[in-house]
Structures are given as structure tokens and as C-alpha cells.
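J.: Here is my input, please return the structure:
(chains A, B and C)
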Amino acid sequence: MGNRTFAYFLALSLFGEKGRHISTVLLSILIVFLLSSVLFISSSLHSVIENALREEPDLVVQRVEAGRLVNLPLKWEEEILSIRGVSKVTPRIWGRYFTGVKGKSFLVIAVDFLDENSHKTLEKLIGETELKTFLDGRHMIVGYAVMEWMKSHFYKEYYNFIGRDGEIKKMKISKVLPKEDNALFADTIIMGIESAREIFGISEDEATDLILDIPNDAERDFIADKISSLHYDIRTISKKESRAAYDRMFNFKGGFFLSLFCVVLLAFVLILYQRYSQVYSREKRQIGIFRALGWSMGDVLKLKFLETLSVVTGSYIIGVSIAYIYVYILGAPLLKNIFMGNGNLDMELILPPVLDFSALSSIFLLYALPFIAAVLIPVWRISVSDPKEAML
Amino acid sequence: MSYIIEIEDLQKHYDNSGERFHALRDIDMKVRRGECVILKGISGSGKTTLLGIMAGLDHPSSGKVVVDGEAIAKLPDRHLSRFRGKHIGMIFQHYNLIENFSVRENVMVPLVPMNLDFEEVERRVRESMEVANISHKASMSAGRLSGGEKQRTAIARALASDPEIILCDEPTANLDRANSERFVEILSKLHDMGKSIVIATHDPIFDHLPFEARVVHMEDGRVVEEGRES
Amino acid sequence: MNPILLDTQVQIYLLSEAILYLLMIPAFLISLKIIPKWDFGSFSQEQYALEREAYLVMTILIFAFVMKFLLLPYFVFAIDNLNTLVPGAMCAAGVISANSYGMPLLFVKLFLVFALILWMAVNHYDLEAKNYPWFKIKMWIFIAIFIVASVELWLDFSYFLDIDPTRPVSCCSALFGQLEGANPLPFGLDIEKLLILFYLSWSLIVFAHYTGQTLAKLLATLLFVYISYYAVVYFFGTYVYELPTHKCPFCMMQKEYHYAGYLIWATLFGGSFGTMAASICKIFLKVDTGKMESLSFAMLNLFTLTVSLYPLVYRLQNGVWL
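T.: Below is the predicted model of the structure:
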């Protein structure tokens, strides 16, 4: 079999009786759509993080006192630089600046821009902006979410920070980072290291942390160990560790969704089983006639199985396409919040289209396998219909 | 070998909660190639059951059934179905058409598992619809046909796979006189084509056929009398 | 909760395996019922019912077979992606060695694929014949498959539950790299002798294929799979990576190498398992296995051609061997 006559009959049983499959197809499309939307968002966010991590420092060195992050002395810079394999050490100042007691917060990041080899990421973000003018006065670059918040509070060209000493530090906004650029910088402010020191009240010989360049990635773990042994209160975070942390966070959200989804899936399977048993019991006589006219159990099995497979594949393609449009073209309204879950500033994330094998195969497995498993027994039951049925 | 159907010592019984019901007992029967056999008897005499066993639709409880050289009493489903599709054309009492299929599609059903070219399938469908005189209704759905048309569609379907054997179960039970006569006409056409035909019926119209036929009387699951008429 | 278990792919994989196992349970119970009662010569109603139930076992197994076949690369793909969560791992090699369940699990999976191919072959010939001559053999093979599948499911869960995301593992260069003095190759071979043996066993298969010596072909194929594994990891793989020190059976399945590993391993295992199953059927069932043999033979040749092309193309492009 598998010829045109068979294909003709397959089409006949698929489209012949309208409405026989329509409810299953609609339900399936809904399931696939839900599933693919979530997986698309998560793989898109994953790629955002991948991109961000690529520009992340190789190793971050921090000082921890009683489990609390504290500023570290700049003299550590020299000590670490003397370790072989470390090509560069850059001190960094950063912290969350709260706009009021119960206000929102911005992530302020600052490095020494006068240092020729300042941080790669920031360098890239600043881009064409004149570095000189930027550093001349009190300028800053803000993420778009920060900008929106400021606008709504009538700060259009500058913002008044209240420093640790209680004095107002006026900072001009010289650039807004575009949305598309990098989702992770939405609530970030970038400024010169001197301004940040004033705002956070950090003295000249201290920094929040140090970022290291280690060109040979095979040596990173080894160097991290070495640095840890320099002082008892040193903590190192490697690129891989921060990636794992991100992965965990998203896996946790994805995993949570999937657990919920399993309940939906179970209901889906039960509905399918019920529905197919019902549809096929109505067809019992027809299949009995087929059997009497020379169809073997295998032939019927094949017809019914291909029928199911067509429904599965059709719904899969339609569901995935709708999800693609919903997530990447419409920007996944509503659903995105589950993943962002950041109550701070209104972050609007642009999801870059990612259509990878991993998501597509996962969707197919998670949807098609239970689907087919659910109809397998009804399909068998109809296939072994007794040809005697036709004699009655 | 001149016999197309050979049945020896055939028994068929059903076991129902300890009680045994004998549907067929000690049947011995042979049908020659090209012969027409009329199985006669009242309802419940076992003609339909016997027909079903000849067609491989039902299994005997014991005995030997050889159809066209193949012992079909005990054959795995796959081979039995292939055999049935290829060698047996079946016309059922209630026509057994698929109501929402067109005439053409109904005739096509037995050809689907035969793995033929689509052109060959279409040719066979066309030809058998012509023999059964139903070509003009080819694309009408079977549910909308009249009784006689349904009957002729069923004949076309039985002929589609070009079988040597045509088995009919009460073919005229639901037909009026005129349509029954047309059925007999087609039947004689099939006889002329050299098909071996077995008809289970109690309709007296088959007492006077335009061709030679053998009558087998059945009663209570046994063959009681054999005769020849023309 | 263990972050490994929250990985989407791991969840989907475990769920799929569990569903397939759940489906196989009724098939198993039916088989247990059928085996003692099966008597094809019988005319009883019960026997006809058994024949219908045998079709259910068959339906479930064919579905499970196709799915297991798809799940194997998915499994490798999933553990490959886990390398970001397991410290020290660069590819699936490190992740699979994260605990002592990993390697046995992989072996059980390969064995299952072979057993399923064998079952499908016996089933095919059994259905071709007119009296189910190998029905009971087929059922016993399934019972064995079910037992192995139970072990597999247990290993699946043990493996993923036991991966400790804080415990560092070795990467593939440490697992497969040549240690001082220790030769990882079997029979004390060196690379040249390994390659000679590789092509020799392949020629043996070709010879046995054309002269129709089934037993010789079966044995040659067994040798060929064994040797091929080492030849791919320690020689051909280095040309896939274009790096003489990179020896790993898993990295070649990554995107950087155009997923070439999937083709290489699929043709090797598909071809050799197919050949072995066909040979076994031919020897024990005495059936004509022509079609299956040619298909498996073609796959083995595709494998040999693919792996041989890597060094040849490298040589042509760069003018030197690695």
C-alpha cells in the first residue's frame, strides 16, 4: 500500500466527514500553541542571555564578609594581576540606587573609562557616543526602562541623585539604550566611575568588584582557585557559574510551567481517548465492511494510524505557526510576564526570533507522543473489527 | 482441479454459557468452477453462516475449507484478508454500502489494499460499474440511491477486484419484482463471464433461472437435498 | 529541587520514557497471557481473540520502537545541553560520566535499539508466513525487551536524579585523551593497526555479503562495530574536529560540527544492528532477508564512506595529515 489509492482514502476519511476531526484539531492546536509559545519565549530568552554572557567578564572577584558583599580594597588588583594567566583586571563600582524609601531601583554600573582597556560590554553599549564629552561632565547612559520611569517623573534631560552625604548630584542623560539592544540592560544606568563613587560614597581605594580577563578558558577554574586562596574573604564567580545561575532561573520558571502543563496534558489525553473511542465505535460497522471486502487488520491499522498522524502533524504545524506569530511578531503579550516576573520597572522585552531544533522537537515529543499513545488502543480496537459485522 | 470450493466435514457451533448451539453440522460440499449453486432454506437454516465461512468472514469450529486451492479455515488474518479481497466478491443482504461515500468510492473499497496503480484502479472501477449498469450514478453518494441502484452498486463493488467467486446473501430480499429480475439478468451475465456463484436465498425467483444452476437445500444446519434446475 | 530535573528537555525525555513504558505494560501482560495459550492450529474462539490481542502488542511495540528510535538522539541532545549546568563538562561526555548510571544507561539504550530491530524483523517474517511459525519466539523477545526496558526506565530516573550540579566532572579531553603510557585502544593496538583492522573487518563484511556467508557476516559485523567505535573516537573524530588532540564521541554531535555525529553513529549502529538482526533471522529462521540485508549493508557503507571522507577531504584541503 502507500500508493495513490490509499492516499485518496486517507483524504476521504480525513475530509470526508466534516466535523469528525475538527474538535480534536482545534483542541490540539490550542495545546501546541500554548506549549510552543512558552518554549519559544524561553529559548528566545535563552539566546538573549547567551549573547549577554558572551560579553560577560571571564571572572568576577568579590569580597564577602559574613556572607554579605562588601567593597574590596583596590590593592587586590595588583595581587591578582601578578597571577600568571590573568591578562587584565578592571575595578568596577555598581549598586542598586533606590529612588525613594519604597521607590523603584536602578542598577548603576561604573568603570574607569579613562582606563584604555575598559570593559568590553560597556564599550560596545556606549558605541558612537563621544567618550570624551561623556566623561567631561556628569553624564550617564540609561536603559530604556529607566528612561521611561524618569520621563514619567518629569526628568527629561537629567536626574538628581541623592548621594550618600545627602547632597544632590545632578547627572545628565546623554543616551538611552535602545530596547532591541539588550534586554538585560533595561533598568541599568552607566556612568563614570568618579560619579558613581560620589553617589554610593565609596572611597578612592575601594571598588565593588574586580573583573578579570583570562584568555585561556581551560585555565579559568585553576586561576579561580588560586585567587580564592589569596584571602579568606574572596569570592570568585566564573562566566560558567553565572550562566548556570541564569539557566537555573529560567529552567525553574520553565519547569514550573511544564509541571502545570502536565495536568493540562493529562486532561487532553483523557479527552482524546474518550473522543476517539466514541468516533471509532460509530465507525465499527464501516470498518467491518472494509474488513469483509479484503482489508486486513494491518491495512485498517495503517489507515487509522496515518489519519491520526495527519491530525497530529497538521495541528502541530498550525499551532507552531500561530505561536511563532504570537511570540515573535506580536511580542507575546500576557505570557511574557510569567518569565520576566520583574516587578521593578516596566521592562518591555523584545524577543529575538529563535527557531531551534531543541524547542521544535520538544514540542513534538511532548504533544505527539501522548496524543498517539492515547489513541493507540481505540485505533487497535477498530482495526480488529470483525468482518462478520458485515454479515449482520 | 475442477472444484473451486471444497468443504469437508465442516462443523460450526457457538458456545453460549455452557450450552452448545450447532449452526452447521457435517457439511460436505463441492462447487465446480463456473458453477452456480443456490443455497435454499428458511432463515436460521445456516445458509448465511455457510456463506460467511466460504468467504473467510467467519471461522469454522472444525473441518476443512479449501477455496481456489487455499485452505482458508485456518489462515492468519493478513493472508485471509488478502485472499478474500482477491478471490471473493461478496454481495450482502443489506448491500453494506458506505452511505457517505459516492458510488465510485464504494466500488473502490476492495481495491485499496491491493496495491495497484491508480490508473488500474480507475479502470477496474469503471468496468465493473458498466457491467452492473450503475455508471450513470458514479458520483452520487450511496445514501441517496434507490434500492435497485444500491444493489447494482454492491454488485459493481463485488466485481471490482475481478474475483473468481461471487457470493450473494439474500440478494433480492429488499428488492421489488422488477429490480429482482434485473438482478437475475446481471447474474446471468456474470455466469456467462465464467464466475462461480453461490447464492443463499429463499426467493422463488431463483427457481427459474435462465441458466443451469444447482440447488442445495439446507435445514437446521445440514444439507438435506441436492437437485439441479435450469 | 535538583536543577537538572527542571530542565525542560530532561523533563520531556523522562515523561516520554514513562509514557512509553506505561504503554508497554499492557502489551507485556497480554504477552504473558498469550504465550501459554497460543495454539494456532486451534479453532477455538479464544485463539481468534488471542490473534487480535497479538495485534495490540504489535501496534504498541511498533509505536514504541519508532519513539525509542527518536528518543535516543533526543536523549543525547538533552544531556549535551546539560553541560552548562554540570561544572567541568564541555559536552555530553562529561555529563554522561557525571555518575555511574550514565554509561550503563547508554549501553542499555543501544541494546534496546538492537533488540527492537530484531523483534521487528522476526515480526515481519512471522506475518509473511501463513501459520505464525515464529510467534512464540517473537513474544519471548518482547518479554526480554520489556525487562530491559524496565531496567532502562530505572536507570533513566536514577541517572538524572543522581546528577549533582555542584560536583565537577571531567570533560571529554580528560576522559578520552591519551594518558601517559596508558593505551586506551583494545588489544594493545596502535592507530595504524586499528585502521588496518577497521578496513579489514569492513572488507570482510563486503566479502561475506557478496558470497552469502551469513555467519561470517554476523561475526565480522560484531568486530566491525567494536573497532569502529574506537576508530571514530581516536582517529576519524580528530578529523571531524580538525584537532589531533580532540578525542570524543559526543562533541561531533554539536552544532559546531554540523551534527555530523548523528549521521555517523546512526549509520554505524543502524547498519550493524540491521545486519546482525538480518543474519540472525537468516540463520535461525531460515528466511530470505535480502531486502533488510541490502538496506543495512548500504548503511554500513555510507558510514564507512562518511568517516573515510573526513581525513581525505582534510588531506586534500591542507596537504597534510593531522
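J.: residues contacting the residue of chain C found nearest chain A?
T.: Distances between chain C and chain A by Cβ to the nearest Cβ are smallest at C:Leu6, namely 3.3 Å. Where C-beta positions appear, they are placed from N, C-alpha and C, glycine not excepted. Contacts for C:Leu6 (Cβ atoms under 8 Å, 6 or more residues apart in numbering or on different chains) come out as A:248, A:251-252, A:254-256.
J.: Secondary structure for those - can I get that in JSON lines?
T.: Listed next are these as JSON lines, based on DSSP: H, G, I helix; E, B strand; the rest coil:
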{"residue": "A:Arg248", "secondary structure": "helix"}
{"residue": "A:Asn251", "secondary structure": "helix"}
{"residue": "A:Phe252", "secondary structure": "helix"}
{"residue": "A:Gly254", "secondary structure": "helix"}
{"residue": "A:Gly255", "secondary structure": "helix"}
{"residue": "A:Phe256", "secondary structure": "helix"}
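J.: picking up where we left off before, what about the closest residue to the residue of chain C closest to chain A other than its chain neighbours, how many neighbours?
T.: Using Cβ to Cβ, 6 or more residues apart in numbering or on different chains and skipping the chain neighbours, the partner closest in space to C:Leu6 is A:Gly255 (3.3 Å). When neighbours are defined as other Cβ atoms under 10 Å in any protein chain shown, A:Gly255 has 19 of them.
J.: For residue 81, list the residues it contacts.
T.: You didn't say which chain, so I picked chain A. A:88-89.
J.: Correction: the question concerned chain C.
T.: A:358, C:7, C:9.
J.: Most neighbours of all these, which one?
T.: Counting by other Cβ under 10 Å, top hit in the contacts of C:Asn81: C:Asp7 with 26 neighbours.
J.: in the chain, what secondary structure element scores lowest on mean pLDDT?
T.: Reading this off chain A. Ranking every helix and strand in chain A by mean pLDDT, DSSP states H and E puts helix A:120-126 at the bottom, with a mean of 58.
J.: actually chain C
T.: That would be, for chain C by mean pLDDT, DSSP H and E, helix C:172-176 at a mean of 75.
J.: buried set for it?
T.: C:172-173, C:175-176 (16 or more other Cβ atoms under 10 Å in any protein chain shown).
J.: and what of stretch C:27-39?
T.: Buried residues in stretch C:27-39, counted by 16+ other Cβ under 10 Å: C:27-28, C:30-31, C:34, C:38.
J.: anything in it near chain B?
T.: No: with Cβ under 8 Å from any Cβ of the partner chain as the criterion, chain B is not reached by stretch C:27-39; the gap is at least 10.7 Å.
J.: Off-centre distance for that stretch?
T.: Put simply, stretch C:27-39 sits 28 Å off its chain's centre (Cα atoms, centre = their mean, to the nearest Å).
J.: same check, this time on stretch B:129-146
T.: 20 Å.
J.: residues in contact with the residue nearest to C:Leu6?
T.: Taking Cβ under 8 Å, 6+ apart as the definition, contacts of A:Gly255 comprise C:5-8, C:11.
J.: and which of those residues is nearest to chain B?
T.: Chain B lies nearest to C:Gln11 out of these, by Cβ to the nearest Cβ, at 40.0 Å.
J.: and that closest one, how many residues sit next to it?
T.: Neighbours around C:Gln11, by other Cβ under 10 Å: 23.
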